[in-house]
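Chemist: sequence and predicted model, in that order:
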Amino acid sequence: MSPATIHRLLVRPKSLTELAHDSIRQLIVGGQLAMGEQLSEAMLAAQLGISKTPVREALLRLRVDGLIEIQPQRGTFVFSLTPRQVEEICAFREVIEVSAVKLAIEGHRPGLAKALQANVREMTLARKTADWKAIRQLDEAFHEAIVEHCDNAYLKQAHQLIASKIGALRARLPEHDEQVDHCQQNHAAIVDLLREGRVTATQRALALHIRDTLASYRGASNAADAAELPTRSRGGRG
């Protein structure tokens with residue numbers, strides 16, 4: 001196979017199903033679609049400017065991702081979480097990230113410290129300009145960097161099981177200054193401990209930080225449930 005042929009394969013454009021999957025996923029994770037909101041294949045297809053077939057295939061993929069619930073005789077809905085499920089996700093996240101940060105410190109401490117320091121600086125700048133979207137993205141990137149530096153494929157795969165749902169909860173948090181400042185302080189403290197190579201102390205600080213988010217995420221889930229009104233429905237099965 002020639003280099004030109006390999007290059008063409010590498011730059012193969014996304015299929016309509018892939019584009020629909022990415023677009024609908026972003027609407028869910030970004031908070032534009034409410035948790036529990038009913039979806040219509042026809043309306044989504046019209047919004048995306050494509051036929052219903054790739055939308056239907058995309059919704060099936062999103063169901064596997066855990067972002068879509070398909071209920072027989074009722075329709076297709078954005079996922080929703082009970083308070084108990086939020087607790088389970090946060091507990092699972094704590095296990096993954098606390099294990100990952102230990103491995104990351106042992107194997108890639110300088111690189112991880114550099115990445116997280118840059119992240120904290122960028123979040124400080126975003127806070128000064130009240131760029132809430134950037135703050136959410138940087139918060140997500142901070143935790144993803146820890147997992148990416150751990151050199152354990154199974155931990156990374158496990159993290160992907162909940163990454164989208166955590167992102168969706170994060171997007172639904174209120175934009176309160178105190179919460180943002182608290183997050184920045186926690187991140188900065190974690191970086192300081194990590195730079196010093198204090199594995200156990202870093203793990204403890206990270207675990208406490210994740211537990212701090214539980215009440216906020218539970219509130220975000222409850223707010224999403226309260227906002228689920230008939231007027232927000234995107235129609236039945238199309």
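Modeler: Yep, that arrived. Residues are numbered from 1 along each chain as shown.
Chemist: contacts only, for the residue most central in space within the chain.
Modeler: Closest to where the C-alpha atoms of the chain average out (Cα atoms, centre = their mean) is Gly167, at 2.4 Å. Neighbouring residues of Gly167 by Cβ atoms under 8 Å, 6 or more residues apart in numbering: Val29, Glu140. Every residue, glycine included, has its C-beta placed from N, CA and C.
Chemist: so it is in which element?
Modeler: Assignment of secondary structure by DSSP states H and E places Gly167 within helix 153-171.
Chemist: what residues does the closest residue to Thr202 other than its chain neighbours make contact with?
Modeler: Closest residue to Thr202 apart from its sequence neighbours, by Cβ to Cβ, 6 or more residues apart in numbering: Leu193 at 4.3 Å. Leu193 is in contact with Ala201, Thr202, Ala205, counting by Cβ under 8 Å, 6+ apart.
Chemist: state the pLDDT value of the first one.
Modeler: This points to Ala201. pLDDT for Ala201: 98.
Chemist: and the closest residue to it other than its chain neighbours, its phi and psi?
Modeler: Spatially, and ignoring its direct neighbours in sequence, Ala201 is nearest to Leu193 (4.8 Å; Cβ to Cβ, 6+ apart). With angles defined as degrees, to the nearest 10, Leu193 sits at phi -70, psi -40.
Chemist: helices or strands up against the longest helix anywhere in the chain?
Modeler: Criterion DSSP state H: the longest helix present in the chain is helix 83-128. Contact partners of helix 83-128 among helices and strands, from 3 or more Cβ pairs under 8 Å, 6 or more residues apart in numbering; DSSP states H and E: helix 132-148, helix 153-171, helix 177-195, helix 199-226.
Chemist: only the buried residues of the longest one, if you could.
Modeler: Of the residues in helix 199-226, 199, 202-203, 205-206, 209-210, 213-214, 216-221, 224 count as buried by neighbour count, 16 or more other Cβ atoms under 10 Å.
Chemist: pLDDT-wise, what's the bottom of these?
Modeler: Lowest pLDDT among the buried residues of helix 199-226: Ala224, 49.
Chemist: and Gln157, how many neighbours?
Modeler: 10 (other Cβ atoms under 10 Å).
Chemist: how much space between it and Glu37?
Modeler: From Gln157 over to Glu37 the distance is 29 Å, taken as Cβ to Cβ, to the nearest Å.
Chemist: could you measure from Ala118 over to Leu39?
Modeler: Applying Cβ to Cβ, the value for Ala118 to Leu39 is 38 Å.
Chemist: and those two? Which one has more around it.
Modeler: Using other Cβ under 10 Å as the criterion, Ala118 and Leu39 rank with Leu39 on top: 27 against 14.
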